[in-house]
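Chemist: how would this look folded up:
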Amino acid sequence: MSDRKLLDVPPLSDLGRQRIRQAVFDRLDREVVAPPAPPARRRTALLVAVGVAAAAALALLVVRDRGGDRPVARAPYPSRITTGESPTQVAVGDARITAGPHAALTVTESGDAGVQVLIERGAIEFAVAPRGERPPFVVLAADVRVEVVGTVFTVARDGDDVTVSVARGVVRVTRGGEEARVVAGTAWPVEPEAAAPTEQEEELTFDPEPARAARAKRKPHESPRVDQAPAPPTARERYDTAVAAEKTRPEEAIATYRALAAEGGEWADNALFAEARLELDLGRRDAARRSLGAYLRRYPRGANAGLARTLLDGLK
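Modeler: Numbering: from 1, shown residues only. Here you go, the predicted model:
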């Protein structure tokens, strides 16, 4: 006798047995006479198979491209960089970008198209290895385009004002269709050289010694001693003194006029014209011509400009 406990199963009724039998035969009928898969389901299976094959082929192509010399195309990936009080340094491939304080720029890497940096403001230093046959490394600031050959350089932008300075290597700078090649130790744009003074301007340079000597001669020989030095004469007083000295001491008057013109101020206009007029009265036509020309260059709309042009036309 087995130790296992037998379960008491109540006997099935005729209706129960009939239901079980019918369910079994219905299932057999469905499995034996099952219709073929609908065409739509077969097309779906076919499309899935084709998609899997295409994905496998694409994966194989990507692997081959990465193993070969041709770079794999990538979608552009822009990154915006802003700085505060301190500079920030980032690496883009083998290039190093150092953004100075309060700068803003956007860096876009696009594979076959290379690297493009758009500077919104601030001074940015770039250290870029020689590009060779690789896609270009381009910096844009306002309407200026800088294409990197391989160098260390800085681009600074303040509004529409852009400067480029090269520490090592060479860059190509393009603006308004004009291209410039900037080499190490130079900058763009090139600062204009200061113009050398003309012969006329050199002759009109004020030498204070004659004026001091003229004032010394005017001092009385027996002036009273005072604890405080007298105040120097005003420009108006010196001008009036020179006018009074034109008849008897013309050279002293000319020296005073030149001193007043060189010092500037409200009496410089009248003094420079008075010098030219006195030179003309003394018959010194060349000196008068130079003084009148200097006056018109300095005061083209001055109070004596009309008369100065008339006198100058008469000397031609």
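
Chemist: got the contact list for Pro250?
Modeler: Leu278, Leu282 (CB atoms under 8 Å, 6 or more residues apart in numbering). C-betas here are computed from N, CA, C, even on glycine.

Chemist: what do you get for the one 3 residues further on?
Modeler: With contact set as CB under 8 Å, 6+ apart, Ala253 has these partners: Ala242, Val243, Ala245, Glu246, Ala274, Leu278.

Chemist: Using TSV, please lay out those residues together with neighbour count, secondary structure and distance to Arg309.
Modeler: Shown next, in TSV, are the contacts of Ala253 (neighbours: other CB atoms under 10 Å; DSSP: H, G, I helix; E, B strand; the rest coil; distance: CB to CB, whole Å):
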residue	neighbour count	secondary structure	distance to Arg309
Ala242	26	helix	24
Val243	15	helix	23
Ala245	18	helix	27
Glu246	17	coil	23
Ala274	24	helix	16
Leu278	21	helix	18
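
Chemist: what's the burial count for the residue nearest to Ala129 when sequence neighbours are not counted?
Modeler: Closest residue in space to Ala129, ignoring its immediate chain neighbours: Asp94 at 4.8 Å, by CB to CB, 6 or more residues apart in numbering. Asp94 is flanked by 12 other residues according to other CB atoms under 10 Å.

Chemist: separation between Asp94 and Glu120?
Modeler: To Glu120, Asp94 is 24 Å away according to CB to CB, to the nearest Å.

Chemist: Strands of the stretch 151-300 of the chain, residue ranges please.
Modeler: For the stretch 151-300 of the chain, the strands defined by DSSP state E, counting those that start in this stretch occupy 161-175, 178-183, 187-188.

Chemist: Ala231: which of these is closest?
Modeler: strand 161-175 (46.9 Å; CB to CB).

Chemist: Now do the buried residues in that closest one.
Modeler: Within strand 161-175, the residues scored as buried using 16 or more other CB atoms under 10 Å are Val162, Thr163, Val164, Ser165, Val166, Gly169, Val171, Val173, Arg175.
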